[in-house]
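In: pasting the sequence and the predicted model now:
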Amino acid sequence: MSDDVHLPAATPAASPRPFVRDAGTTRTLHFTQQEIQSSMSTLNPDALDLEYTRMMMGFVLFKPEPARILMVGLGGGSLPKFCHRYLAHSAVEVVEIDPEVIALRDAFMVPRDGERFRVIQADAADYMRDIPDHADVIFLDGFGVGGIPGPLCSAEFYADCFRALRDDGILVINFHVNHPDHHDYMDRVRASFGSSMFEVVDDDMTNSIVFACKGDLLDDPAAAELKRPAAMPKDAWRQLMPTMKVIGATLVLR
């Protein structure tokens, strides 16, 4: 089996160039040969191919119909595409700093900008400072070579995220469990959100997904019942249900 590699136009050598690799029906986004940033099935491009992305959708147990979702990090667009397709009443806004990543959006069938969907080329650390009470859900999934950029895991940035959320809004963060600063990152989130947060770790102990709320919505015992949100189609819920059971078990043990 041979791989096809798609490269964007030339970019300055100062930063690694994102590239796309095809292997069978799987298309992946990389910055290095070793690390996969995003994965898509070309047979079902709106599906969530990686477990951690399904885990990040756990917010629907608490906030099933957010009016606005703000995402930091476009990657291959897995979460933006899923939310755009299956949360029909939600506007999706994606902030991505790298124009070369944005240039690959068509390769991953990311929707065109429109009334409910747009991709903004900006530094999320700067963008987040000026948007108080802006979003119902914020996703943080901004990774580069070596992990999360420093400005996106500072105490100041998490405080800006808190301000950017509306009342009872939820912040969802993708961390690497084994990163040496993981516990420091968690403490910085806690400094802004207090005890209204919890962590779920995937089966291979790689990704830690943290949910933090501006309010007490995460204390709702009904979330552990794992009911399909009325506005979410059944085929979307079927994708998420196995992962939701893991989140439900975590909620029971809190």
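Out: Great, that's in hand. Residues are numbered from 1 along each chain as shown.

In: contacts, neighbours, all on C-alpha from now
Out: Fine.

In: tell me, how many residues neighbour residue 130?
Out: Neighbour count of residue 130, defined by other Cα atoms under 10 Å: 12.

In: how much space separates it from residue 20?
Out: Distance of residue 130 to residue 20, given as Cα to Cα, to the nearest Å: 33 Å.

In: so for stretch 217-226, what gets flagged as buried?
Out: 217, 218, 223, 224, 226 (16 or more other Cα atoms under 10 Å).

In: and if you look at stretch 135-154?
Out: When burial is assessed from 16+ other Cα under 10 Å, stretch 135-154 yields the following buried residues: 135-144, 148, 152-154.

In: out of the buried residues of stretch 217-226, which is nearest to residue 178?
Out: residue 218 (25.3 Å; Cα to Cα).

In: how near is residue 168 to residue 215?
Out: As for residue 168, its distance to residue 215 is 5 Å (criterion: Cα to Cα).

In: who touches both of these two?
Out: Here residue 168 and residue 215 have no joint contacts, going by Cα atoms under 8 Å, 6 or more residues apart in numbering.

In: got the contact list for the helix or strand encompassing residue 139?
Out: Under the criterion of DSSP states H and E, residue 139 resides in strand 135-140. With contact meaning Cα under 8 Å, 6+ apart, strand 135-140 is reached by 56, 59, 66-73, 161, 164-174.

In: run the last query once more with 7 Å
Out: Identification of contacts with strand 135-140 by Cα atoms under 7 Å, 6 or more residues apart in numbering yields 66-73, 164-166, 169-174.

In: please flag which of those sit within helices.
Out: Cross-referencing those against helices under DSSP state H gives residue 164.

In: the contacts of strand 135-140 in strands, which ones?
Out: Using DSSP state E, the members of the contacts of strand 135-140 that fall within strands are 68-72, 165-166, 169-174.

In: ok, and the most crowded of those?
Out: residue 170 (30 neighbours).

In: excluding sequence neighbours, find me the nearest residue to it.
Out: residue 213 (4.4 Å; Cα to Cα, 6 or more residues apart in numbering).

In: ditto for residue 18
Out: That would be residue 31: by Cα to Cα, 6+ apart, it lies 4.6 Å from residue 18.

In: what pairs with residue 208 across the strands?
Out: In this entry, residue 208 is beta-bridged to residue 175, residue 201, by DSSP bridges.
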